[in-house]
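**Q** structure for the following, please:
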Amino acid sequence: MQMKGLRVGALFLSVMLLFTTFGSGGCRQSEESGRESPGLSGSITVSGSGTTIPILKALGQDFAAAHPGIEFIFLPSAHTAGGVEGTLNGVLDLGALSRDLEDSEKHAELESLFFCRDALVFATHREVKVRDLSVEQLLDIYAGRIQDWKDVGGDPGTMVIINRPDHSSPKVVLDDKLFGPDFPFADRLVIIERAAGANTAIVETENSLGFTSLGMIIREKSPVNILTVDGQTPDEPGVQSGRYPFFRPLGIVYRSDAPEEIKAFVEYLRGEEAGRIMRDNGYLPG
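**A** Got it, this is the predicted structure:
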């Protein structure tokens, strides 16, 4: 059963005090020690898309290592919409984004930076033998016209198809780039609300197929099979050239009048060290 997405508003975010924080304590010294600036200090509160939070944590840890006076506070995930709302209302310093902003989310008080791209991949349970599906086969599978792996070159077995809610960023991207409007999704699809839950379902469910984040698979070392689509690989050359078209932008939104520490972190995200960390975690800078 599809779960109704939870929109986390500014009031909810303001009272959620079970955060993850880190700052100078226990952080490694940055490899670029020349970036260290004891003059920067303050806390940076972050929430929004659960997809973008993990890479922001890795980047924030590196930034805090170079700036010991900075502490990052990560609130529970609130989706992209909640990140924008919380930043606009001053509850958040940074809202995490995993899709383009809608027109209604663009405000004069806010600025945004999309700093990397996350390839969306179709993945199967590790025991499925199929390694490539065509666009036509994917459409037939999600419409319920193909339901058994033997019909696409695999061993016999009824497919378990994982889908995501319409409001989730990967579903928004794939509705635009693959399925199209008013696609007749089969009733038998299993709809899972959160990205982590969808990833876990593919790992643990025999004969499963679903779409998920390449960055998440790499970061968590998930034992799944990543499929090519029409022979195209979801790697950096494939995404940059456009041969592999399924990816989403990851970014942040922040207030135009943000304090110095926020603007310093934004500039850090444009740098080479941040790009290295993105690539190490399975994301493409830029």
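**Q** next one: V128 from G238, what distance?
**A** 22 Å (Cβ to Cβ, to the nearest Å). (Each C-beta comes from the backbone N, C-alpha and C, glycine too.)
**Q** okay, these two: which has more neighbours?
**A** The residue with more neighbours, out of V128 and G238, is V128; 22 against 18, by other Cβ atoms under 10 Å.
**Q** who's in contact with that one?
**A** 149, 154-155, 157, 207-209, 225 (Cβ atoms under 8 Å, 6 or more residues apart in numbering).
**Q** part of a helix, is T87?
**A** Yes - T87: assigned to a helix according to DSSP: H, G, I helix; E, B strand; the rest coil.
**Q** is it true that it touches G95?
**A** Yes - the pair T87 / G95 is scored as a contact, 4.0 Å apart, by Cβ atoms under 8 Å.
**Q** chain center to stretch 271-279: distance?
**A** Centre-to-centre, stretch 271-279 and its host chain are 17 Å apart (Cα atoms, centre = their mean, to the nearest Å).
**Q** thinking again about what came up before, now the common contact residues for T87 and G95.
**A** In contact with both T87 and G95: 253-254, using Cβ under 8 Å, 6+ apart.
**Q** assign a three-state SS to the nearest residue in space to F265 that is not next to it in sequence, would you?
**A** Using Cβ to Cβ, 6 or more residues apart in numbering and skipping the chain neighbours, the partner closest in space to F265 is F63 (5.6 Å). Following three-state DSSP, the label given to F63 is helix.
**Q** repeat for N199
**A** helix.
**Q** neighbours of it, how many?
**A** Using other Cβ under 10 Å, N199 has 21 neighbouring residues.
**Q** now swap in I141 and tell me
**A** Residues near I141, counting by other Cβ under 10 Å: 21.
**Q** please look at it and I162 and confirm they touch.
**A** No - counting by Cβ under 8 Å, I141 stays clear of I162, with 11.2 Å between them.
**Q** mind listing the shared neighbours of the two?
**A** Joint contacts of I141 and I162 (Cβ under 8 Å, 6+ apart) are L209.
**Q** measure L250 to E206 for me?
**A** For L250, the distance to E206 - Cβ to Cβ - is 31 Å.
**Q** more crowded one of the two?
**A** Neighbour comparison, L250 and E206: the larger count goes to L250, with 26 against 12 (by other Cβ under 10 Å).
**Q** quick one: low-confidence parts of the stretch 151-286 of the chain?
**A** Low-confidence segments of the stretch 151-286 of the chain (pLDDT under 70): none present.
**Q** one more time with 90
**A** Flagging of the stretch 151-286 of the chain using pLDDT under 90 yields the residue ranges 167-169, 194-196, 240, 286.
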